[in-house]
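1. curious how this folds, go ahead:
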Amino acid sequence: MAQQHLDPTDPTADAATGDALAGYLRAQATEFLRALRLHRETGGSSAGGAEGSVDAARALRRSARRISGTLHTFRPLLDPDWSEEIRPELAWLSGTLGMEHAYEARLERLLLALHRLSGSAAFPAQTVTAPAAGPGDPATAAARGSRAAGAARTAAPAPLGPGGPAGRTATQERGNLTVGAAKAGALLERQLTLARTRAHSTALQALGSSRFHAVADKVAVLASEVPLTPAASAAD
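-> Residues are numbered from 1 along each chain as shown. I've put the predicted structure just below:
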């Protein structure tokens, strides 16, 4: 059966009927439960390239955000006590699951900015991978930084030779800028990858907590029963 779509940001949403609202919330609750089942089937770890778990966590976050936003926008049509009880919990879940992705996106933006500042077409590529099960190894991070700096030195333009002191100085400055950007990139990668690893661990802990299970139970009920108010039928 086709899923009903109800955009909370639609300016005509105030005219939505109680039935349409209930159908949308049930559909999002079903998506939430489907993502939760997928997350459990994949073992709840993105280590080793288990992309299914990552996709499941994103789907959980997406459904939680949509349900929370709908509860806020259409609160006059929903039981206020129930709505105010579940909405903060959905916001907590969405925020917790979103931290890992936020760190990944921040690292990509900062590395791109360094690439542009260095002005080098051969800026050493930084690898953004899914975090391992445990915290980052400082020795591994240091080795990665050394490789990045070495690649930058290799990519730096060679001296111009007898082209004059001004040419050699410009080349040296360009090379120093490239090497400096590589070192900064290695430092950013080390710090933000560690932060991302911690955020990943926090998300896994959250998904195994009693708080999350309470939220999941409420969403499971929502998949079959939406607590509408009498005002919902008046919207028809």
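2. what's the following helix or strand after the helix or strand where Leu36 lies?
-> According to DSSP states H and E, Leu36 maps onto helix 18-41. Toward the C-terminal end, the helix or strand that comes next after helix 18-41 (DSSP H and E) is helix 51-73.
3. where does Ala216 sit relative to Thr30, distance-wise?
-> 13 Å (C-beta to C-beta, to the nearest Å). C-beta coordinates here come from the backbone N, C-alpha and C atoms, glycine included.
4. next one: Ala102
-> The value you get for Ala102 to Thr30, if C-beta to C-beta is used, is 27 Å.
5. again, but for Asp55
-> As defined by C-beta to C-beta, Asp55 lies at a distance of 17 Å from Thr30.
6. show me the shaky parts of this structure.
-> 1-16, 43-52, 119-177, 231, 233-236 (pLDDT under 70).
7. now the helices for it?
-> According to DSSP state H, the chain carries its helices in the segments 18-41, 51-73, 80-118, 138-155, 165-207, 210-222, 230-234.
8. including mean neighbour count, could those helices go into TSV?
-> As requested, these are exported to TSV (neighbours: other C-beta atoms under 10 Å):
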stretch	mean neighbour count
helix 18-41	19
helix 51-73	20
helix 80-118	17
helix 138-155	15
helix 165-207	17
helix 210-222	16
helix 230-234	13
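9. list the contacts of Ala232.
-> 17-18, 21-22, 77-78 (C-beta atoms under 8 Å, 6 or more residues apart in numbering).
10. mind putting these into a markdown table with distance to Arg109?
-> Formatted as a markdown table, the contacts of Ala232 follow (distance: C-beta to C-beta, whole Å):
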| residue | distance to Arg109 |
| --- | --- |
| Thr17 | 42 |
| Gly18 | 43 |
| Leu21 | 37 |
| Ala22 | 40 |
| Leu77 | 39 |
| Leu78 | 38 |
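11. which of those residues lies closest to Glu85?
-> Leu78 (11.2 Å; C-beta to C-beta).
12. quick check: the closest one vs Leu112, distance?
-> From Leu78 to Leu112 the distance is 43 Å (C-beta to C-beta).
13. Arg211 contacts Ile86, correct?
-> No - Arg211 lies out of contact with Ile86 (C-beta atoms under 8 Å); the separation is 12.0 Å.
14. farthest pair in the contacts of Ala232?
-> The span of those, defined through C-beta to C-beta, is set by Thr17 and Leu78 at 13.5 Å.
15. tell me which of these two has more neighbours.
-> Taking neighbours as other C-beta atoms under 10 Å, Thr17 and Leu78 compare with Leu78 leading, 25 against 15.
16. that one and Ala22, how far apart?
-> 9 Å.
17. which residues do those two both contact?
-> Common neighbours of Leu78 and Ala22 (C-beta under 8 Å, 6+ apart) are 226, 228, 232.
18. TSV please, covering those residues and showing distance to Ser68.
-> Listed next are the shared contacts of Leu78 and Ala22 as TSV, based on distance: C-beta to C-beta, whole Å:
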residue	distance to Ser68
Val226	14
Leu228	17
Ala232	18
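19. tell me which of these is nearest to Gly95?
-> Nearest member of these to Gly95, counting by C-beta to C-beta, is Val226, at 24.1 Å.
20. now the closest one. Nearest residue, chain neighbours left out?
-> Distances taken as C-beta to C-beta, 6 or more residues apart in numbering place Ala22 nearest to Val226, at 4.0 Å, with adjacent residues excluded.
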